[in-house]
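Chemist: Structure of the sequence below:
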Amino acid sequence: MYSKDFKRLSLNQLRGKWGPVIAAMLVSMLIVYAIAMVMQIPTAIITFIQSHSSGLLTFVTGVFALIISLAVIVINIVISGCITYGISNYMLKFVRTGETNISYIFSGFSYGFDVIKRSALLYLLMEIFTFLWSLLFIIPGIVASLSYSQAFFILADNDNISASEAIKLSKNMMMGHKGRLFCLMLSFIGWILLCVLTFGIGFIFLMPYLQSAYANFYEYLRGIYENRKTGIYNDANTAYTD
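Modeler: Numbers count the residues shown, from 1 in each chain. Sure thing, here's the model as predicted:
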C-alpha cells in the first residue's frame, strides 16, 4: 500500500462520520489546551509575588516556584500521555469497527492507574529519546520519531505491554517502513499549508483525516509484523487485510 491508498481508505471510513470524529479530536485538543492554561496560573501568581517581595519571602517563593514547576511538568506529562493513548485507542476502534464513541478519548484516564502510569511513562520516554537523538542533528531526531511512531498504538492495543516494550516493538515494526511513513506524512503538507492559510480552522477537518491515515498505517504494519512474528499481541483482533 502507498500513501494514496491509506488516504483513500481513511476518506472512505470517514464518509458519513466526520462529525463525531471531528468532535472527538476537538475535545482532546481542548482538554490539552485548557490544562495548559490552568497550569500557568500558579506560575503567574508566584512570579507576581516574587516581583513584589524581598529577603526570606523571595527565597521561600523561589523554592515554592520550583516545586510548582516540577508539579506542572509531571501533570502535563500525565495528561499528554493519557490523551495520546485515548486518541490512539479511539482511532483504532474507529478504523476497525467504525465506532465513534467519544468515551474512548478518555480511556487513558478511565482504564485505571496502570494505563495512566504506562501512558505517562511512554510519553516521557519518547520525548527524552527523541530529544537526545535530535542533539546529534535534525535527521537522527526525525528517524527516532519515526521509529517510535507506533508505540502508542501498540500500547492501546495491548493490555499488559510496558512502555519500554512498546517502544522496542515499534522500532521492530518500523524497520524497513520508516520511509513509507515519512512519505505518508509528506503527502499531507499541502493540506497543512492550506490549514495555515485558514488561520488554523482547517485543522479541525484535517486532524480526523490525518489520524485515520496513521491508524490505518499501523493496522497495515501490524498485519505484516504478525505474519512474521506470532504471539506478539495479547488481543485477538484480526490483522489488517484490506
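Chemist: Tell me how many other residues crowd L193.
Modeler: 10 (other CB atoms under 10 Å). The C-beta positions use only the backbone N, C-alpha and C, and glycine is treated the same way.
Chemist: Just the element for it, please.
Modeler: helix 189-197 (DSSP states H and E).
Chemist: Tell me which residues are up against that helix.
Modeler: 201-203, 206, 209 (CB atoms under 8 Å, 6 or more residues apart in numbering).
Chemist: count of residues packed around S164?
Modeler: 13.
Chemist: Looks like it contacts L124 (just checking).
Modeler: No. Using CB atoms under 8 Å, S164 makes no contact with L124, being 11.2 Å away.
Chemist: any shared contact partners between these two?
Modeler: With CB under 8 Å, 6+ apart, S164 and L124 have no common neighbours.
Chemist: can you pull the contacts of the most centrally placed residue in the chain?
Modeler: Among the residues of the chain, the one closest to the centroid is T84, at 3.6 Å (CA atoms, centre = their mean). Contact partners of T84, counting by CB under 8 Å, 6+ apart, are 108, 119, 123, 152.
Chemist: ok, back up a step: which one of the contacts of helix 189-197 sits closest to S187?
Modeler: Ranked by distance to S187 (CB to CB), the contacts of helix 189-197 are led by Y209 at 11.0 Å.
Chemist: wait, doesn't that closest one sit right on L9?
Modeler: No. With contact defined as CB under 8 Å, Y209 does not reach L9; the gap is 11.1 Å.
Chemist: Neighbour-wise, which one of the contacts of helix 189-197 leads?
Modeler: That'd be Y209 among the contacts of helix 189-197, by other CB under 10 Å, with 20 neighbours.
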